[in-house]
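# Provided below are the primary sequence and the corresponding predicted coordinates.
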Amino acid sequence: MKAIKSGGDAPLFEQAVANAKSEIAFSLAEGMKVPVPKDAGGGYTHEQHKRNYKYMNLAGNLYQITGEKMYANYVEDMLTEYAAIYKSLPLHPVDKSYSRGKLFWQCLNEANWLVYTSQAYDAVYDCLSKKERKNFEENLFRPVADFLSIENPKFFNRVHNHSTWGNAAVGMMGLAMNDKELIDRALYGLPIKEGADLEKDNDGGFIYEKGMAKAGFFAQIDNAFSPDGYYTEGPYYQRYAMTPFMLFALSLHHNKPDLEIFEYRDGILLKAVYALLYQTNQSGEFFPINDAMKGMSIGSGSVISAVNIAYGLNKDPELLSVAKLQNKVLLDQNGYAVARALHEDKAQPFFKKSVELRDGAKGDEGALGILRTLKGKEEIAILFKYAAQGLGHGHFDKLSYSMYDGNTEVLQDYGSARWVNIDHKAGGRYLKENKTWAKQTIAHNALVVDGKSHFDGKYDNATTNHSDPYVFDISNPNIQIVSAKETNAYEDVEMQRTLILCNGDDFTSPILIDIMAAFSENEHQYDLPFHYAEHLMRSSTKLETNLPQIMDEKHGYQHLYEEARGDIDNGNLQFTWFNENKLYSITANADAGDEAIVARIGANDPNFNLRRDALLIHRKNNAKNALFLSVIEPHGRYSPVTESPEKPYSQIKSIQPILHNKKYTIFTVIDIHNTQHTFMFSNQDNDPESTHKVEHEGVVYEWKGVFNNT
């Protein structure tokens with residue numbers, strides 16, 4: 001690490017230095033503690049060992065910045081304590097992981113420890129005697145590195161965020177020790193064990209995905225990211241994995257420049273930083289797809305690291321506006337560069353655009369589509385998921401979407417069933433309800449057939465399939481379109497979903513048109529849930545309320561109470577709800593026999609692990625083919641101070657199909673002024689140069705390209 005001398009020209013960096021000094025002073029006053037490992041995540045020993053590697057890292061940085069020997073001594077003393085006990089430690093007493101650690105209940109946390117400790121060791125290396133280095137390397141660092149890799153190949157040799165941490169830990173310590181064998185082990189992995197394809201981790205994912213023949217850091221970069229920088233496990237775990245990706249890459253950049261690691265795969269690591277930032281709502285919170293905790297945001301330390309390092313490499317002034325929101329910087333040259341540039345007012349706005357992020361190493365395993373438009377100062381954002389499974393952290397939610405109005409979740413993705421590092425809830429690990437509810441299709445805004453989850457809720461079936469992108473057209477900012485198909489989730493049902501985000505003079509506020517189509521040769525029950533979560537205000541369909549009844553026995557329905565049900569008998573359903581002082585409506589077309597069901601999460605949940613959120617289910621019974629035409633709109637507000645509502649009613653009167661088959665869908669949206677807006681869509685020919693002509697009931701519809709409207 002190169003020494004940094006700040007001259008008062010980077011206030012945010014100076015604040016970071018001051019905060020670090022305070023934390024080390026607190027640790028010194030409290031006394032150094034290296035307890036015998038006992039607790040799982042959230043428990044005392046777990047959290048103390050986390051604090052220790054954090055403090056060592058801070059102290060190492062402070063030594064580089066200030067030159068004060070007390071900080072080097074702090075690292076030396078802490079390492080001495082660990083070197084005295086590590087080789088004699090048994091496996092951690094909490095046996096809840098496929099890869100138990102020693103200091104921690106899982107190897108993942110042990111790898112975290114080694115990543116940050118390697119930086120501390122590198123920072124104070126020149127202060128240590130040869131005898132001290134020998135002690136630390138033989139009794140601590142090499143044993144930890146061997147434990148994480150040779151002794152735990154199931155942890156080290158995967159393409160997974162766990163292994164990214166493991167590879168980075170072993171590699172960064174190898175660089176600090178100048179140990180070529182460890183460096184090569186980290187870059188290229190260990191020989192993959194044959195016949196281990198079907199072994200699984202705690203999340204139900206394969207240890208070795210079928211056909212995987214490579215391991216190590218290069219294998220992570222080659223396989224975990226798409227060419228657009230999308231990380232197959234989703235943004236929550238991409239955020240977590242970016243720390244080892246960027247820190248190890250930066251170490252290689254400095255120590256092995258011949259590898260040109262930041263140019264590798266057409267600069268994929270820097271692309272990944274931008275792809276990650278695109279997957280956030282207006283306030284910078286990540287879209288909670290797959291196993292994700294809601295509220296995780298760009299304020300996370302891992303994203304601060306990624307943004308600081310990226311700026312240090314490319315000096316993109318747009319990244320400075322992200323760093324300004326984060327209001328924290330790293331204690332290194334990159335953090336100093338960011339802080340100094342912010343002080344010099346070099347930041348430019350970071351523009352989060354509508355974007356399609358392909359999935360799969362080759363970009364051919366579906367995608368994530370993000371549409372954005374503005375409503376005044378607030379952004380309407382749509383996240384459409386037609387990607388691959390997402391490894392063991394993936395959910396069974398093909399063609400699902402979520403919708404945001406500014407920071408408000410209009411239609412939510414539940415996220416995961418977990419309370420990270422909260423010991424009361426299974427030691428902070430994933431709860432059993434993560435598999436029985438959060439991963440299931442009904443927990444998402446996705447079509448459910450016959451009450452069963454996609455791929456029957458089985459990972460083995462889901463991981464070999466992906467949805468297929470059909471069109472992504474954002475050429476007209478007032479009418480943005482994304483469409484995708486899914487033909488594998490159910491044995492005899494083909495699905496296509498098309499979303500159209502409209503924001504022009506035709507409507508007083510943006511609307512989202514949702515076209516969900518299913519085709520089958522057999523009759524099925526089709527359920528389309530809308531997870532509105534909050535308070536029902538009005539339904540055009542008369543709903544009969546009864547004592548809550550559990551809806552079914554499996555595939556997530558066992559966690560749902562049916563609270564009300566009604567027949568949609570007038571061909572049109574309008575449903576209005578209230579959320580964060582805003583009003584929203586769904587207007588949907590309905591066929592004879594369709595039902596509206598209001599349900600709530602919470603059944604079969606004796607430990608109160610799940611949120612008690614509400615959802616609307618639009619059900620079609622005994623149908624071969626199904627067309628769900630819906631309009632979702634934000635339209636009103638309420639002030640609790642003035643007690644005044646503004647635009648409490650929908651601007652949409654109805655949405656009506658004109659023609660629908662496998663080739664074409666033509667429909668009209670009628671507003672409250674009886675103005676008709678006709679939309680035409682080609683379901684099979686996505687060539688922008690193709691011309692279409694359809695005659696129906698004496699009316700001829702002609703257009704060029706996939707889509708048109710009048």
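Arrived safely, thanks for sending.
# hey, let's count contacts and neighbours off CA atoms from now on
Will do.
# Can you list the helices and strands that the host helix or strand of Tyr53 packs against?
Element membership of Tyr53, judged by DSSP states H and E, is helix 44-66. Counting by 3 or more CA pairs under 8 Å, 6 or more residues apart in numbering; DSSP states H and E, the packing neighbours recorded for helix 44-66 are helix 11-30, helix 69-85, helix 107-124.
# right, so of those, which gets closest to Ala347?
Each of the helices and strands packed on helix 44-66 was scored for nearness to Ala347 using CA to CA, and the closest is helix 11-30 (14.0 Å).
# about what we covered before: buried ones in the helix holding Tyr53?
Of the residues in helix 44-66, those buried under the neighbour-count criterion (16 or more other CA atoms under 10 Å) are 45-46, 48-50, 52-65.
# Tell me where the stretch 401-550 of the chain has strands.
Remark: strands assigned in the stretch 401-550 of the chain by DSSP state E, counting those that start in this stretch are 408-411, 448-449, 468-473, 479-490, 493-502, 511-520, 524-533, 535-539, 544-550.
# For the helix holding Tyr53, give the mean pLDDT please.
When pLDDT is averaged along helix 44-66, the result is 96.
# now that helix, how far from the centre of its chain.
For helix 44-66, the distance between its averaged C-alpha position and the chain's averaged C-alpha position is 28 Å (CA atoms, centre = their mean, to the nearest Å).
# and that helix with helix 69-85, angle?
Put simply, helix 44-66 runs at 140 degrees to helix 69-85, going by axes from the mean of the first three to the mean of the last three CA atoms, to 10 degrees.
# and helix 44-66 with helix 107-124, angle?
Going by the same axes, to 10 degrees, helix 44-66 makes 20 degrees with helix 107-124.
# pLDDT of stretch 259-279, averaged?
Per-residue scores along stretch 259-279 average to 97.
# mind listing what Glu378 touches?
When the contact criterion is CA atoms under 8 Å, 6 or more residues apart in numbering, the partners of Glu378 are 282, 405-406.
# and with 10 Å instead?
When the contact criterion is CA atoms under 10 Å, 6 or more residues apart in numbering, the partners of Glu378 are 282, 404-408.
# Hmm, Lys135 is touching Tyr86, no?
Quick fix: residue 135 reads Asn, not Lys. No. Under the criterion of CA atoms under 10 Å, Asn135 is not in contact with Tyr86, lying 11.8 Å apart.
# Need the overlap of contacts for the two.
Here Asn135 and Tyr86 share the contacting residues Phe141, scored by CA under 10 Å, 6+ apart.
# List the buried residues for the helix or strand where Ala272 lies?
Using DSSP H and E, the element containing Ala272 is helix 264-278. Residues of helix 264-278 classed as buried under the neighbour-count rule (16+ other CA under 10 Å) are 268-278.
# So what does the spatially most central residue of the chain look like in phi/psi?
For the chain, the residue nearest the mean C-alpha position is Pro235 (2.9 Å; CA atoms, centre = their mean). Here the main-chain torsion angles of Pro235 (degrees, to the nearest 10) amount to phi -70, psi -30.
# OK, contacts around it?
241, 275-280, 286-292, 296-297 are the contacts of Pro235 under CA under 10 Å, 6+ apart.
# likewise Asp671?
For Asp671, the contacting residues are 506-507, 650-655, 677, taking CA under 10 Å, 6+ apart as the criterion.
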